[in-house]
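Asks: heads up, no residue letters with this:
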């Protein structure tokens, strides 16, 4: 929900964490000691790690505790939740069906599975295809807030598993145009595997991947079922707290449990170019983006078939996938050129970035420098593409309003170089690598391309994410208007305090306070509702609370509803009393504040925030 560009890149294209620092660790012993130091400093309960080349296992093991209460330590056989790394398995399952001639990546979803009900107003000319599901270019919304987790022991299977996400299956733009990560894509793919194979998706994936690779400890359980699984924790208010292990409502999007012992075997499958189970072409296709406008315009690295580029700021890029389920964060990364890779998972709502950078510095400590491609800027070719670009491929439609407010890029030329200026922060030089294709100065791979959509509008693609060219002055004017409206709304707090002082001094009638307090009350209830929602963002395992009527969801519903109602009441009152107010400047202030509340209400209403019933999304 954060609009910052760096988080969008992580969210939509999974480029991984920031670049590694050279010389941090030189030996395996230094690496393990440094990881343990991070666990202690950052209050991480347990971490598993596996490092391998195609021919050998360099390290498998763990750090800290799988079960803090019972002092059970993490070892190479401890099962962690792998989250979205599961998508790599599902992609391989689809690839096997393609190899067998039972499916084509360009097959239309409505033909393969007509029982999957989705909405696509461009279906006649731009149908949803299998490859769009694999590469998150379908245009479907991501999981609705109430359809991620549950505490119920009941599990969804087959079509029921897919129907959990039916409200997300609405194309928001032409399929194959923009990349926007959407978990329901993979739930549909899991269903397709079941339909074409006659087996449950987990049985099928076990038969073609787990069993041949001797991954005997791994399973595709949507909830914790064995005593070998890690317990899950958060660090909150200065204390480590044990939290429940949530049930995942859509298994194919992230149900895998595995150990470092097993996951290095899966890692080696990619380092061995798919041998002995898949062809090198299958692995290469997984690593290549095909269907988005950015991919068709030359950006072949990004989110491919369940596989994405990672670590853009490192000496070398890696491929793989990041995952998160409950409080378990995971990552699997490899570089076939260097013949090295690693897998990591934690159980403490910890993003693992620091540890990943340590491992990366260890793996790349002796790697030769990689020559970066660059060429002189073609100013004439880029001149039509100069200007402002607005982000237009939000992952969650409910968060689109926040993504768009802060995500504006201005592209300009200065002293013969191209620059990107975000709305907030410093400008960044863009290095040209080929026609209209660029990389950031410290990036190892070009990830930016300027092109045009089918309507002829100038577009900037970062990976698969999508920015449309807009009027800079108009875009800034809208954002300034929103900022002014917010500041005027916040001034209601000062207005209430001054009104209270006026009532105490006898200058304001006590009976008037109810109307003078209305804007402040509206703001407070909205802030309370947003706070309750942001708490779930901070600790995402709490998403299970959003699918039932409870104190949190009622606070969100009542708070957002009251904000809209009170904003309207306040505006009506101000308009009615406008001519009666003696001070003209004060009257205009109240009117502007009332209009600001009304405008904010309209924006939130359009975004689906007013009267937000998370349990019914």
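Replies: Perfect, I can see it now. All values derive from a computational prediction rather than experimental measurement. Residues are numbered from 1 along each chain as shown.

Asks: Report the mean confidence score over the longest strand seen in the chain.
Replies: As assigned by DSSP state E, the longest strand anywhere in the chain is strand 57-67. The pLDDT scores in strand 57-67 average 97.

Asks: and after that strand, which helix or strand comes next?
Replies: Counting by DSSP states H and E, the next helix or strand C-terminal to strand 57-67 is strand 72-73.

Asks: thinking again about what came up before, which helices and strands sit right next to the longest strand of the chain?
Replies: Where contact means 3 or more Cβ pairs under 8 Å, 6 or more residues apart in numbering; DSSP states H and E, strand 57-67 is packed against helix 28-42, strand 46-52, strand 72-73, helix 260-271. Any C-beta I mention is one placed from the backbone N, CA and C, and that applies to glycine too.

Asks: can you list these in JSON lines and add distance to residue 301?
Replies: Below are those laid out as JSON lines (distance: least, Cβ to Cβ, whole Å):
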{"stretch": "helix 28-42", "distance to residue 301": "28"}
{"stretch": "strand 46-52", "distance to residue 301": "23"}
{"stretch": "strand 72-73", "distance to residue 301": "38"}
{"stretch": "helix 260-271", "distance to residue 301": "15"}
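
Asks: closest one to residue 363 among the ones you listed?
Replies: Ranking the helices and strands packed on strand 57-67 by proximity to residue 363 (Cβ to Cβ) places strand 46-52 first, at 7.3 Å.

Asks: so what strands line up beside that closest one?
Replies: When pairing is defined by DSSP bridges, strand 46-52 lines up against strand 57-67 (antiparallel), strand 340-346 (antiparallel).

Asks: can I get the ones you listed in a markdown table with mean neighbour count and distance to residue 476?
Replies: Listed next are the strands paired with strand 46-52 as a markdown table, based on neighbours: other Cβ atoms under 10 Å; distance: least, Cβ to Cβ, whole Å:
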| stretch | mean neighbour count | distance to residue 476 |
| --- | --- | --- |
| strand 57-67 | 20 | 48 |
| strand 340-346 | 27 | 41 |
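
Asks: closest one to residue 217 among the ones you listed?
Replies: strand 57-67 (11.6 Å).

Asks: which other residues reach that closest one?
Replies: Under the criterion Cβ atoms under 8 Å, 6 or more residues apart in numbering, residues 28, 32, 35-36, 39, 44-52, 71-76, 78, 229-231, 260-261, 264, 347 lie in contact with strand 57-67.

Asks: try stretch 481-494
Replies: Stretch 481-494 is contacted from outside by 405, 519-520, 522-523, 592-593, 595-597, 599-600, 603, using Cβ under 8 Å, 6+ apart.

Asks: Check those residues for burial and list the buried ones.
Replies: Neighbour-count burial (16 or more other Cβ atoms under 10 Å) applied to the contacts of stretch 481-494 gives 405, 519, 520, 522, 523, 593, 595, 596, 597, 599, 600.

Asks: what secondary structure does the first one sit in?
Replies: What DSSP: H, G, I helix; E, B strand; the rest coil gives for residue 405 is helix.

Asks: Go ahead and confirm it touches residue 475.
Replies: No. Applying Cβ atoms under 8 Å as the test, residue 405 and residue 475 come out as separate, 10.4 Å apart.

Asks: does residue 170 have beta-bridge partners, and which?
Replies: On the basis of DSSP bridges, residue 170 is bridged to residue 119.

Asks: Repeat that for residue 458.
Replies: Here residue 458, judged by DSSP bridges, has bridge partners residue 452.

Asks: just to revisit the earlier point, nearest to residue 104 among the strands paired with strand 46-52 would be which one?
Replies: strand 340-346 (29.9 Å).

Asks: Give me the average confidence score over that closest one.
Replies: The average pLDDT within strand 340-346 is 98.

Asks: and the angle from it to helix 260-271?
Replies: Note on geometry: by axes from the mean of the first three to the mean of the last three Cα atoms, to 10 degrees, strand 340-346 and helix 260-271 are set 140 degrees apart in direction.

Asks: so who does the residue nearest to residue 385 when sequence neighbours are not counted touch?
Replies: Leaving out its chain neighbours, the residue that sits closest to residue 385 by Cβ to Cβ, 6 or more residues apart in numbering is residue 450, at 4.4 Å. Taking Cβ under 8 Å, 6+ apart, we find residue 450 in contact with 382, 385, 411, 436, 437, 438, 458, 459, 460, 461.

Asks: What values do phi and psi take at residue 489?
Replies: phi -70, psi -40 (degrees, to the nearest 10).

Asks: so how far is residue 599 from it?
Replies: 9 Å (Cβ to Cβ, to the nearest Å).

Asks: So what touches stretch 29-48?
Replies: 24-25, 49, 59, 61-66, 68, 73-74, 76, 78, 80, 230-231, 233, 235, 240, 259-260, 343-348, 350, 352, 354-355, 358-359, 362.

Asks: okay, residue 137: pLDDT?
Replies: 97.

Asks: thinking it is in contact with residue 292, fair?
Replies: Yes. Assessed by Cβ under 8 Å, residue 137 is found in contact with residue 292 at 4.9 Å.

Asks: So for the two, which residue has more residues nearby?
Replies: Neighbour count, other Cβ atoms under 10 Å: between residue 137 and residue 292, residue 137 has more, with 32 against 26.

Asks: What values do phi and psi take at the more buried one?
Replies: Per degrees, to the nearest 10, the backbone of residue 137 is at phi -110, psi 20.

Asks: all strands for the stretch 51-200 of the chain, in order.
Replies: 57-67, 72-73, 80-81, 149-150 (DSSP state E, counting those that start in this stretch).

Asks: In JSON lines: the ones you listed, plus distance to residue 282.
Replies: Below are those laid out as JSON lines (distance: least, Cβ to Cβ, whole Å):
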{"stretch": "strand 57-67", "distance to residue 282": "23"}
{"stretch": "strand 72-73", "distance to residue 282": "38"}
{"stretch": "strand 80-81", "distance to residue 282": "26"}
{"stretch": "strand 149-150", "distance to residue 282": "32"}
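
Asks: any weak-confidence spans in this protein?
Replies: The chain contains residues with pLDDT under 70 at 1-24.

Asks: Thanks again, I'm all set now.
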